[in-house]
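1. model this:
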Amino acid sequence: MSTPKKLVIATRASRLALWQAEHVQARLQQLYPECDVQLLSMSTKGDRILDRSLSKIGGKGLFIKELETALLDGRADLAVHSLKDVPYDVPAPFALPVIMERDDPRDAFVSNHYQALSDLPAGAVVGTSSLRRESQLREKYPHLMIKPLRGNLDTRLAKLDAGEFDAIILATAGLKRLKMAERIRSSIDVVDSLPSAGQGALGIETHEDRADLKAWLAPLACAQSTARSKAERAVTRVLGGSCQVPLAAYAELDGDQIWIRALVAEPDASVVYRAELRGPVAEAEALGRVVGQDLLAQGADIILAKHSLPNED
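-> Okay, here's the model as predicted:
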């Protein structure tokens, strides 16, 4: 197989996104020492609109559209994404050939005065950008006040430090990647905050016609992370989920078995549907679809129909 001479990675310009792209850059340079691996950083619509929640402006796909344009017009060969930001159906002419080894998928409790969610007093203000986190917090801790929190990682932490919040909920993986693990007071057990599909994993997107690129990138793929993520994304595909509805899907491996847990909820946690299933890893996607269908049969379709809105361009 020939080796690449030059590769350009499209990435968002945020500090965390750049870390992710640089991580892939370093892995590729290790694999192909003669290759010139460059970064093309850009601001996306999701990064620019900070005065409204993602559920109001079209969802997580807003973080990747500009990167896909760079793939389409040839400015970039690949794009690196937080997998949880990638819509469950990658549209033609794009492909998602690589899911890399997954980092810690749990949510992190970050506070300057409290050690854990259970320590927060009634009326304490908790910030989160995620309806998934919000609904689970409201279900288990109804005495807390949940407020929206947008912006990059540094902006969110600055708002906490300024006293706008008593605590904020962030992704553990992001804090660890930016060497800010000391800000984590505690990682939240998945029982209390079931993660988003693909949380903690990186996905690499390419043009679907680039067979050469897929072959070059193949060594970066992690079979276990891929199986878990495919099961989780199969759940969201069945549900047609988006940022507009609280939706969680999480899979764990035990030998050749996979355990999938998922939920769909009303944002105020007045209704929460849960489903889970165990089965062979080889059937990960099919099992994910069954879990999604179980949630629909319970009544999740009513929640989805009630809250889903058309995405903005």
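
2. output the below-cut-off pLDDT ranges for the protein.
-> For the chain, the stretches with pLDDT under 70 are 1, 44-63, 241-243, 308-313.

3. how about the helices in it?
-> Remark: helices assigned in the chain by DSSP state H are 15-31, 45-48, 54-57, 65-72, 131-140, 153-161, 172-177, 211-217, 223-239, 284-295, 301-307.

4. possible to save those helices as JSON lines with distance to residue 3 and mean neighbour count?
-> The way it works is simple: take the backbone N, C-alpha and C, and place the C-beta from them, glycine included. Below are these laid out as JSON lines (distance: least, CB to CB, whole Å; neighbours: other CB atoms under 10 Å):
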{"stretch": "helix 15-31", "distance to residue 3": "8", "mean neighbour count": "17"}
{"stretch": "helix 45-48", "distance to residue 3": "34", "mean neighbour count": "17"}
{"stretch": "helix 54-57", "distance to residue 3": "39", "mean neighbour count": "19"}
{"stretch": "helix 65-72", "distance to residue 3": "21", "mean neighbour count": "18"}
{"stretch": "helix 131-140", "distance to residue 3": "41", "mean neighbour count": "23"}
{"stretch": "helix 153-161", "distance to residue 3": "35", "mean neighbour count": "16"}
{"stretch": "helix 172-177", "distance to residue 3": "28", "mean neighbour count": "21"}
{"stretch": "helix 211-217", "distance to residue 3": "7", "mean neighbour count": "17"}
{"stretch": "helix 223-239", "distance to residue 3": "23", "mean neighbour count": "23"}
{"stretch": "helix 284-295", "distance to residue 3": "32", "mean neighbour count": "20"}
{"stretch": "helix 301-307", "distance to residue 3": "46", "mean neighbour count": "15"}
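
5. so which of those is nearest residue 100?
-> With CB to CB, the closest approach to residue 100 among the helices of the chain belongs to helix 223-239: 6.6 Å.

6. what does that closest one rub up against?
-> 83, 88-89, 99-102, 197-198, 201, 203, 241, 245, 247, 249-253, 258, 260, 262, 264, 281, 284-289, 291-293, 295-296, 300, 304 (CB atoms under 8 Å, 6 or more residues apart in numbering).

7. can I get stretch 274-282 in PDB, CA atoms only?
-> Output of stretch 274-282 as PDB, limited to C-alpha atoms (Å, rounded to 0.1, in the frame of the first residue of the first chain):
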ATOM      1  CA  ARG A 274     -35.700   3.300  30.000                       C
ATOM      2  CA  ALA A 275     -34.600   0.200  28.100                       C
ATOM      3  CA  GLU A 276     -31.700  -2.200  28.200                       C
ATOM      4  CA  LEU A 277     -30.500  -5.400  26.500                       C
ATOM      5  CA  ARG A 278     -27.600  -7.800  26.600                       C
ATOM      6  CA  GLY A 279     -26.300  -9.900  23.700                       C
ATOM      7  CA  PRO A 280     -23.400 -10.800  21.500                       C
ATOM      8  CA  VAL A 281     -21.000  -8.000  20.500                       C
ATOM      9  CA  ALA A 282     -21.200  -9.300  16.900                       C
END
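
8. surely residue 150 touches residue 129?
-> Yes. Between residue 150 and residue 129 there is a contact at 5.5 Å, judged by CB atoms under 8 Å.

9. now render the helices of the chain as JSON lines, adding distance to residue 113.
-> Converted to JSON lines, the helices of the chain look like this (distance: least, CB to CB, whole Å):
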{"stretch": "helix 15-31", "distance to residue 113": "25"}
{"stretch": "helix 45-48", "distance to residue 113": "30"}
{"stretch": "helix 54-57", "distance to residue 113": "28"}
{"stretch": "helix 65-72", "distance to residue 113": "38"}
{"stretch": "helix 131-140", "distance to residue 113": "17"}
{"stretch": "helix 153-161", "distance to residue 113": "10"}
{"stretch": "helix 172-177", "distance to residue 113": "18"}
{"stretch": "helix 211-217", "distance to residue 113": "44"}
{"stretch": "helix 223-239", "distance to residue 113": "34"}
{"stretch": "helix 284-295", "distance to residue 113": "37"}
{"stretch": "helix 301-307", "distance to residue 113": "34"}
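
10. to residue 193, which of these lies closest?
-> helix 131-140 (5.1 Å).
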